[in-house]
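Novice: Sharing a sequence plus its predicted fold:
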Amino acid sequence: MKKKEEETSNRPDNTAFTQQRLPAWQPMLSAGIVIPGFVVIGLAFIGVGVALFVTSQSIQVLERDYTAGDESSDHNCSLCVNEASCLCAVHFTLVQQFEGPVFFYYGLSNYFQNHRKYGVSRDDYQLSGDTSYFTDPQDYCVPYQYDSKNRPIVPCGSVANSIFNDTFKLYQIVGGQRKQVPFDGKGISWWTDYNLKYRNPSLVDGSLAKAFNGTVKPVNWPRAVYELDTSDASNNGFLNQDFLVWMRRAALPDFRKLYRRITEGEYEKGLPVGNYSLEINYNYPVRGFGGRKKVFFSNVTWMGGKNQFLGIAYLVIGSLCIFMSLVMLIVYAKYRFPDEDS
Amino acid sequence: MYFLLPSLCLDITWEVRANSGQFHRQLQRKSFLFFQWGRYADNTMRSHKYTLLNFLPYTLYEQFQRFANFFFLLIVVMQCVPAIATIPWYITVFPLLLVLSVRALKDLVSDQGRRRSDKQINSRSCDLLTSGGFQTVQWRNVCVGDVLRIHKDQIIPADLLLLYSTEPHSLCYVETADIDGETNLKFRQALASTHTTLASGSLEQSLSSFNGIVFCEEPNSHLYSFRGELRWQEQTQRLDTEHILLRGTVLRNTDLAYGLTIYAGADTKIMKNCGKVIVKTTQVERILNRVVLGIMVFVLLVDLLLAVGSGVFELQVSPHVEVLAALGGDSSAAYRAFLTFWGYIILLSPAIPMSMYITFEVIKVIQCFFINWDLQMYHADNNKPAHARTTTLNEELGQVGHLLSDKTGTLTQNRLLFRQCCIAGHVYGHTQNNHPLEPLPHPTVSISQPLDLSWNRFSCGGLQFWDQRLVERLVKERCPQSREFFTALALCHTVMTQWKEGAPHYQAASPDEEALVGAARELGWVFLSRTRDSLTVSQLGHTYQYQLLMLVDFTSQRRRMSVLVREPGGDLKLYCKGADIVILERLQKDCPHRESSERALDLFAQGCLRTLCVAVRCVSEAQWGAWRQALEACQALEACQAEAPGREARLEELHNCMEQELTLLGVTAIEDRLQDGVPETIATLKQAGIKVWVLTGDKTETAVNVGYACSLMDPDSSLLQGDQLRQLLQSSDPDVRIHQNKKSEIWSTDKKMLGDNTTIVINGLELAELLAVPEWGSRFVALANQCQSVLCCRVTPGQKAEVVQLVRRHTSSVTLAIGDGANDVNMIKTSHVGVGLYGVEGSQAVQNADFALAQFRFLGRLLLVHGHWSNQRVCLFLRVFLFKTTSFALVHVWYSFFSGFSSQSVYESWFISLYTVMYTSMPVQCLAIFEQDVSAEGCVRWPEVYQKGRRMEHFGPRALAGTLLYSLYSSLVLCLLPLGVFQHLALDLQTLAVTIGTAAMFTATAEVVIETKYWTKYNLAAVILSLFLYFLSTLILHSPRLHSISPKHYIFPGVSINAFGEPVVWLTVLLTTCAAILPSMAMQAFNVVLTRSNTHRIHSQRNSELSRVNGTPFHRGAARRRSSYAVSQGKGFGRLITSGAGLRTAAAPRQSTPHPAGTDSIKEHHLPHPAGTDSIKEHHLPHPAGTDSIKAHHLPGNAHGEGSDRL
């Protein structure tokens, strides 16, 4: 018996795996499956596309360009060409109710926030509240690492330094009187950014300002990071909402960022018909690089803001599938007949 | 020293002093790392590469020779430079280390295997003469100059000069199966001087005092030539191959042999013959390397363009944007563009699929396991499964265009069986196996009963002949012709006997002869023993002694052999056996049974049996007296003029006139037993479009015979050989390329032939001429490609390799060489794929082969199933892999147009690192392991499928260009569609990164899903698992915990949670994925729509093929009758017999009356000899290295002359 075992000791195992006889599903595709399959996919895409398109159509968007230097009847920001900081206003009239909740965005164009060197010019250690990097910011922040007197900048780097600093106030003109529309600035940044990613340094003697001792503000900033919001003490430091929104880099040179939401009081249901004036504290220079500044009012649905591209793209791909199934049908019809005999 | 070097041997510079170990050990060759010094190699086999010391540097050196590895090392270095580090260094170093360590581990394991086998060989034992007598030592301790003692059946450990053996005249027999594949015995003989002097006293003493010095040529690879001289006792004696025992041969039938080590280890002839280890790369791999290089160049070019774009951007845009201008510092735009260039090199480097190489190798190893595991390639008889020894050549198995096969031991079993005979017009024996296309029925299931041979006490079994009628006739003494027939078989041969356990065992120079004498023995005509001038035969139990008067051996010219004997009754008989043509023309007029015998010959020829005619002539005393006088006259002539020119011709004439007026006794038919399933396998392979060439050391006739038997040639195919072939090759006008187009023209010189049905037969000599002229080579190959098959006969191992090279040079097709013996090693190594068969003895072929099989018939499955699958899988894998890496990495190119050419990464850096090794690797690996486009049965049933692989349909330029264009398109879609969606949204760059990353990962997975046609549970699990892993690791990498540990390296906290919460991200991913794989889907769908007609085409092709085969009338006319004759393959023993040298029992006194052929046995070796005249002369000829054996074929009588030139 043992000898017999030895004689066949090299015999390979007879398993489905070793003999490559694993049970397998072999999809037997045929023209009868493939062509209808393409039709179904195409129709599904067209269906989604139509739904998206219709949804997108229902979204109201109001867009105003307020770049200085343009002559426009809508706004008087052309006055702000030379002044470092000026007040101007954009006027608009709503002829129908702007359904709420209304989101208010600012937009910049031709602004390369997705430039690599711009993007890396930040110190994540600082921003996560690590005070050891306050005195010694990382090299990525060059040239906004130290100021001219070699004092460390917090928050260092180009991204923080270039924060968008126009401010807006919206007024409804009711009977010649300006009535301010309340802006909601809470929760405009990501929950994860506000709660997890960015951390203020621990307070020193109960004061945030003291935690930043020995550091200076970014060169372009009028005020230090711990006094960004004078009206709300908790909205300061790295956890300032506008700061958080700005620090999240845009994907394209033309981008928009959420500024405020209109969710309070009588404007909770939306902006009623009427005349409005958007008062702008015009600070941010864009003329140098031919950039544009815009504001957007938009309401949102489940698919976010108005986005016709997505719907159209679905429609195009869907139609392409249908078209291809047609071509296949023709080809099949042409080649089918000689085979049917056999 | 006593002599100057003789003038005729200028290169005889190798000096070996016997028993002077000190002298040789000083000069022993040593090596350290890559340096070597010293002269004499030791006898250690070193096929392993690594030692503990050199492993790390060596493996790193080897691995960084691979361009991809080196490139990635550079990338890693570059990533450490902050100014250009677009992605962090650990992103590349992780896969690189993985690649390096996996490969190093694999090399180490295979090297360990080699080390083990080396050790096994090196520790074989042999007896070495020391001052204290013979001691058993290991092979590795043998050194040049040592005197060794070899026992019977021991393997000879080094190239030895035979000094003495226990046989008379210091003859000894060796088996050279491991060197040339021939299993018959060869003899070697020591110099007379050493024999007599050493034997005179106590052997050990005289051996230890032996102080001869051998001068010979430097170590070389010529197995069949040796030039040297022994200087001893103030005498110089010439040495040639006759005196040399080669390493690897086995001592047989000789109790002890003593030899002086001349070459050891790496210097031995067999090792020199092994050739260099050539690292074989496959065609697919070469294409792949080119593609990767192409991608690399493309990427560099794109890098350059992007850098230019960056320069323009820095010049035109950046100065105006305060934030960007400040970032640039005071460096110039050009400098910044320069930095960006390097940044882009790093960013786009994932497009170069580095990890593909390692995955590729892993997959091939798994495919090799499938080969090893295949039960249908397991041979139970010798317990050997198939074994893939090289793990890199699998896909090449699917592209073989030329199969070059050895014959003996590969196609045939090298077992000759006496199958049938025709005596006095009666055919005995069954005509089974006649049809070469029918499977061979196993002998045991034969309807015939085994013969009852119990009455024969000498019967040893082994006869596969079933015909009781013949036995009855023999036993009952009813048929005198049949008795005469077997008497002839028992007398007319050069076989020698050896008695073992009371039964005679035969040693023959030719297996044919052994089969014939053995058959006669089984049937009662037992050849018992021979002396120089007598033969003892037992006929049905009665012992008779025949006096041997004359023996004329076979030569390839004569194609017959004769013996003249005096019967016990006093009558003189001349028995003659030989090829039918030769014998038939020598028959007396109106010889009885002539026509019936010719019919039998045709019948046997149809059965692919080797035939011989046996005839007899009664000789009167008067005739013999006249002949004797003539012979003596010749002898006298010889005595006075050593090399009289006319002597040979006169002898020839004399023999010729003796072999006349013969009476035909009968015809023998011997089957050269094919291995199981050979004809079917060859037929299938031919159907698969593989050109089959047979290269054999055997004679043309035998080879042709086997060629027909194994369906290499159709029964009605014609042979193109000799002068016809020469004319075709030489004719002034043929430009083969023209004729390939117009097939008919090439045959203008010979109109009756048709290319499809022709076989080229060429012998070693013609081949040598052909190889000398380069144009002929290409013409020959072109011609051969139009023919059905090619037979190369009488070729040396070197020529076999040259033929392989010829095919390689002049065609682009993949060559596969298969063989079983050491003589095939060269060819196996030269070909693209070498397959070794486990031989009966010797494993040289297997040791050097890429794949080892137990049987030739497994080759069909290896090629058609495993080869096809491997090829298809590998090509599919590579295409999908190229797609997944390039489509994912090239997104960066498109994105740079939106990011100011700043080399901003679209993806998270971790994603880049894990994408290839984790997220997308498993499904594509499963695809490469399990995919089956055609089932195993289908592959065998429709061999035409195989041609797809050879035409490179899966991995040709078109398929590749398609893949690369497709991935370019996909990368564009992957970039533009999400950007299009994002342009009106307030979503950020990191969300975009997750969106595009997810879409890219889905695209790669979906592509695999589309390509997979064979869904096993593993495929499904791999897809699900990699999706799961993607989401899991994304969530982990984006977790705030990791960010809090290292904010700089995990900058994506929470992004995936936010992104996956946005419906628009999902919609974008779905849209992008579908759009990206749309071309592939459409392609597949179109294939499905068009497939019906394709399969139909295969079927119809197959049908027409069949009808063609069936339609061919199976005829093999008498005109094409192939007789082959049992000439020994090596040097016959005829000369030994007539000289009496090899006969222990030789009673005849040395100075006997002049004998037809024999004189002094020792002198005889230097004397011209009817058949071997030129054997000595040819060794004097100065000839260029490597062609010696070829030259020899020019010489007349060579075929039976010098054993050296035969393979």
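Specialist: Yes, it's here.
Novice: where does residue B:1182 land on pLDDT?
Specialist: Residue B:1182 is assigned a pLDDT of 36 by the prediction.
Novice: How about the secondary structure of residue B:537?
Specialist: Counting by DSSP: H, G, I helix; E, B strand; the rest coil, the backbone at residue B:537 sits in strand.
Novice: can you tell me which helix in chain A is longest?
Specialist: helix A:308-340 (DSSP state H).
Novice: Is there proximity between that one and chain B?
Specialist: Yes - applying C-beta under 8 Å from any C-beta of the partner chain, one finds helix A:308-340 in contact with chain B at A:308-310, A:313-314, A:317, A:320-321, A:324, A:328, A:331-332, A:335-336, A:338-339. No exception for glycine: its C-beta is placed from N, CA and C like everyone else's.
Novice: Name the nearest residue to residue B:102, sequence neighbours excluded.
Specialist: Of all residues not flanking residue B:102 in the chain, residue B:358 sits nearest, at 5.3 Å (C-beta to C-beta, 6 or more residues apart in numbering or on different chains).
Novice: Tell me how far the one you found lies from chain A.
Specialist: Distance of residue B:358 to chain A, given as C-beta to the nearest C-beta, to the nearest Å: 23 Å.
Novice: ok, that residue touching residue B:96?
Specialist: No - using C-beta atoms under 8 Å, residue B:358 makes no contact with residue B:96, being 10.0 Å away.
Novice: Quick check: which element contains residue B:692?
Specialist: Applying DSSP states H and E as the criterion places residue B:692 in strand B:691-695.
Novice: Show me what the longest helix of chain A is packed up against.
Specialist: helix A:31-57, helix B:957-982, helix B:1063-1111 (3 or more C-beta pairs under 8 Å, 6 or more residues apart in numbering or on different chains; DSSP states H and E).
Novice: Which single residue in chain A comes nearest to chain B?
Specialist: Going by C-beta to the nearest C-beta, chain B is nearest to residue A:192 of chain A, at 2.6 Å.
Novice: that older thread, check the offset of the strand holding residue B:692 from the chain's centre.
Specialist: 12 Å (C-alpha atoms, centre = their mean, to the nearest Å).
Novice: Need the phi and psi values for residue B:147.
Specialist: phi -100, psi 130 (degrees, to the nearest 10).
Novice: What's opposite it in the beta bridge?
Specialist: Beta-bridge partners for residue B:147, by DSSP bridges, are residue B:260.
Novice: Go ahead and confirm it touches residue B:258.
Specialist: Yes - look at residue B:147 against residue B:258 with C-beta under 8 Å: they come within range, at 6.4 Å.
Novice: which of these two has more neighbours?
Specialist: Legend: neighbour count by other C-beta atoms under 10 Å in any protein chain shown for residue B:147 and residue B:258, higher for residue B:258 (27 against 23).
Novice: I'd like the average pLDDT over the helix or strand containing the more buried one.
Specialist: Per DSSP H and E: residue B:258 is located in strand B:256-263. Mean pLDDT, computed over strand B:256-263, is 90.
Novice: can you pull out the strands in the stretch 151-300 of chain B?
Specialist: In the stretch 151-300 of chain B, the strands defined using DSSP state E, counting those that start in this stretch lie at B:159-165, B:171-175, B:185-189, B:213-216, B:228-232, B:235-239, B:244-245, B:250-252, B:256-263.
Novice: Chain A too?
Specialist: Taking DSSP state E, the strands of chain A run over residues A:61-65, A:86-94, A:98-99, A:102-109, A:167-174, A:177-181, A:255-262, A:270-271, A:274-282, A:292-299.
Novice: What are the contacting residues of stretch B:868-876?
Specialist: A:20, B:284, B:360, B:363-364, B:367, B:394-399, B:927-929, B:931-934, B:939, B:945-946, B:948-949, B:954-955, B:959, B:1011 (C-beta atoms under 8 Å, 6 or more residues apart in numbering or on different chains).
Novice: Could you export the helices and strands packed on helix A:308-340 as JSON lines, including distance to residue A:249 and mean pLDDT?
Specialist: Shown next, in JSON lines, are these (distance: least, C-beta to C-beta, whole Å; pLDDT from 0 to 100):
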{"stretch": "helix A:31-57", "distance to residue A:249": "26", "mean pLDDT": "93"}
{"stretch": "helix B:957-982", "distance to residue A:249": "12", "mean pLDDT": "94"}
{"stretch": "helix B:1063-1111", "distance to residue A:249": "17", "mean pLDDT": "72"}
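Novice: which of those helices is buried the deepest?
Specialist: Mean neighbour count (mean count of other C-beta atoms under 10 Å in any protein chain shown) peaks for helix B:957-982 among the helices and strands packed on helix A:308-340, with a mean of 20.
Novice: Can you tell me the closest non-neighbouring residue to residue B:288?
Specialist: Closest to residue B:288 by C-beta to C-beta, 6+ apart is residue B:878, at 6.0 Å.
Novice: and that neighbour, which of the three is it?
Specialist: Residue B:878 - assigned by three-state DSSP - is helix.
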